[in-house]
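Chemist: Sequence plus the predicted model coming up.
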Amino acid sequence: MFRDRTDAAQQLSQRLRHYRGQHPLVVAIPRGALPIAHILAATLEGDLDVVLVHKLRAPFEPEVAIGAIDETGRTWLAPHANAMGATPTYVQAERQRQLQVLHDRRLRCSAIHSPISATGRLVIVVDDGLATGATMLAALQALRARQPARLVCASPVASNSALASVRPLADEVVCLSVPTDFRGVGQFYERFEQVSDDEVIALLHQRPLFSDSAVVPASQANTSAWDNKRPAASLAASKGATSKGH
């Protein structure tokens, strides 16, 4: 059990401390992973970015993922999608709905900065928990296509099935806890508030410096990333605070 995302980030940073000094690109799956990735990027002295992916929702249980999609339209469907009533017609309509969400968010994030290149970089992809692993799968596939030197999947908690699904797509998987009784990510946090779009934008503006000092003061949160000459990132699609479908 983690107290909150800050506690999870601090514990995860200890497991990843061997990457400090290698200038990793820490990539979050927003919204929930942004607070964790922000701390990791500061601790590991790396860059902070996000990846635009979104879960595809089950027809009658929208909190459950039947797959995921990235902003290019690349889609991953879970083996259970059909059993949950996701007909080809439904999947196509859901793809279009989530692509529109990603398009709208790309327009918003482009005011901050274009995505940081992952080519040839050590890339650490972070989520606050993996239930189905759907969005992490989409994120890893999207980032692998950008040809990183090394691709690491990092999460405080995950189900056994989710870990099994993501392992083939990452060079390394780091997970602090793999409980047998996994019903939802929020189950393993004492505090698991939903992260808002405004919080995401503020964290991206406050991205860590390449030093132990870590974070720009909140009073500077509205300063342009261009003016500060520090790379910011793109905003990804949201996931519910107690979602079963990561």
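Modeler: That came through, no problem.
Chemist: in the helix or strand residue 96 falls within, what counts as buried?
Modeler: Using DSSP states H and E, residue 96 sits in helix 88-109. Within helix 88-109, the residues that count as buried by 16 or more other C-beta atoms under 10 Å are 90-91, 94-95, 98-99, 101-102, 105-106, 109. All C-beta atoms are positioned from the backbone trio N, CA, C, and that covers glycine.
Chemist: now do stretch 5-18
Modeler: So, applying 16+ other C-beta under 10 Å, buried residues of stretch 5-18: 5, 7-9, 12-13, 16.
Chemist: so where do the helices sit in this protein?
Modeler: In the chain, the helices defined using DSSP state H lie at 5-15, 34-43, 88-109, 134-144, 160-166, 197-205, 225-228.
Chemist: Out of those helices, which is closest to residue 70?
Modeler: helix 134-144 (4.2 Å; C-beta to C-beta).
Chemist: Spatially central, which residue of this structure would that be?
Modeler: In the chain, the residue lying closest to the centroid (C-alpha atoms, centre = their mean) is residue 29, at 1.4 Å.
Chemist: Roughly how far does that one sit from residue 153?
Modeler: Counting by C-beta to C-beta, to the nearest Å, the separation of residue 29 from residue 153 is 10 Å.
Chemist: What of residue 136?
Modeler: 6 Å.
Chemist: Please enumerate the shared neighbours of these two.
Modeler: 125, 166 (C-beta atoms under 8 Å, 6 or more residues apart in numbering).
Chemist: More neighbours: the two, which one.
Modeler: residue 136 (32 against 27; other C-beta atoms under 10 Å).
Chemist: Kindly state the beta-bridge partners for the spatially closest residue to residue 75 that is not a sequence neighbour.
Modeler: Using C-beta to C-beta, 6 or more residues apart in numbering and skipping the chain neighbours, the partner closest in space to residue 75 is residue 69 (4.8 Å). For residue 69, the beta-bridge partners under DSSP bridges are residue 54, residue 75.
Chemist: So residue 69 is in contact with residue 97, correct?
Modeler: No: Residue 69 is not in contact with residue 97 according to C-beta atoms under 8 Å; the separation is 9.8 Å.
Chemist: circling back: with respect to residue 190, which of the helices of the chain lies nearest?
Modeler: Across the helices of the chain, closest to residue 190 is helix 5-15 (C-beta to C-beta), at 8.5 Å.
Chemist: what packs against that closest one?
Modeler: On a contact count with 3 or more C-beta pairs under 8 Å, 6 or more residues apart in numbering; DSSP states H and E, helix 5-15 meets helix 34-43, strand 150-157, strand 172-177.
Chemist: Please tell me how far the residue of the chain most remote from its centre sits from residue 96.
Modeler: Most distant from the centre of the chain: residue 89, at 27.9 Å, with distances by C-alpha atoms, centre = their mean. For residue 89, the distance to residue 96 equals 11 Å [C-beta to C-beta].
Chemist: With residue 87 instead?
Modeler: Where residue 96 is concerned, residue 87 sits at a distance of 14 Å (C-beta to C-beta).
Chemist: and residue 38, how many neighbours does it have?
Modeler: 26.
Chemist: Please shift the residue numbers so they start at 16 in all later answers.
Modeler: Right, with 16 as the first residue, what we last looked at is residue 53.
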